[in-house]
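Peer 1: Prediction below, plus the sequence it came from.
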Amino acid sequence: MNLKDMKSSTVSLLVSPIEDIQSYVEGISKGLATDKNTYNTTNNEALKTQAEFKIASAEKIIRDITVNNIPYVNLSFLTRTSGKTDNAFLENCRKVKNEIAGMGLKARVPAFIQEKALRQAGPYDTFDQEILDMSNKNMSLEALFLGLPFSRKWNCRQRRLLFRYG
């Protein structure tokens with residue numbers, strides 16, 4: 001079952017530009033140096049494989065931004081789940097979490113800030129920086145326009161896409 005088939009869930013996507021792209025690239029470069037150090041010094045194959053993947057990903061992002069001029073954005077993906085009874089709600093939450101995990105994403109429950117998350121996931125065109133900090137995922141604009149968030153696994157029964165500039 002996909003999120004689009006779950007009558008108990010709605011999805012909100014908020015796309016915003018990365019404010020300071022130079023600092024973003026510098027941060028990736030620092031992480032790249034750390035990952036290269038880990039790759040060259042560890043004997044643990046799991047850590048070495050993980051570092052190798054991070055190195056390849058970081059190099060691709062830096063090349064995309066600096067050489068190919070592909071812009072990167074922050075994508076905030078929120079899911080709101082409901083249920084008519086407590087048991088139905090808990091079951092719907094479990095299904096949504098499992099579906100999100102199947103998409104390769106990690107579901108985070110906004111403990112103590114549910115009201116802010118509910119407002120942002122609703123059709124009110126509002127956003128909260130604390131929720132954005134928790135839910136933002138970086139993505140190339142190219143991947144966004146090629147339909148990655150709207151592919152079969154991401155296609156939702158109800159979706160809202162907001163673009164925020166400046």
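Peer 2: Now that the structure is in, tell me what you want to look at.
Peer 1: At the geometric centre of this protein, which residue do we find?
Peer 2: With distances taken as CA atoms, centre = their mean, the residue of the chain nearest its centroid is residue 137 (3.4 Å).
Peer 1: And that residue, how far from residue 72?
Peer 2: 11 Å (CB to CB, to the nearest Å). Where you see a C-beta, it was placed from the backbone N, CA and C, and this is true even at glycine.
Peer 1: quick revisit: for the residue nearest to the centre of the chain, which non-adjacent residue is closest in space?
Peer 2: Counting by CB to CB, 6 or more residues apart in numbering, residue 75 is the residue found nearest to residue 137 once chain neighbours are left out, at 5.2 Å.
Peer 1: Doesn't that neighbour belong to a strand?
Peer 2: Yes - Residue 75 forms part of a strand when assessed by DSSP: H, G, I helix; E, B strand; the rest coil.
Peer 1: can you list residues touching both of residue 137 and residue 72?
Peer 2: Shared contacts of residue 137 and residue 72 (CB atoms under 8 Å, 6 or more residues apart in numbering): none.
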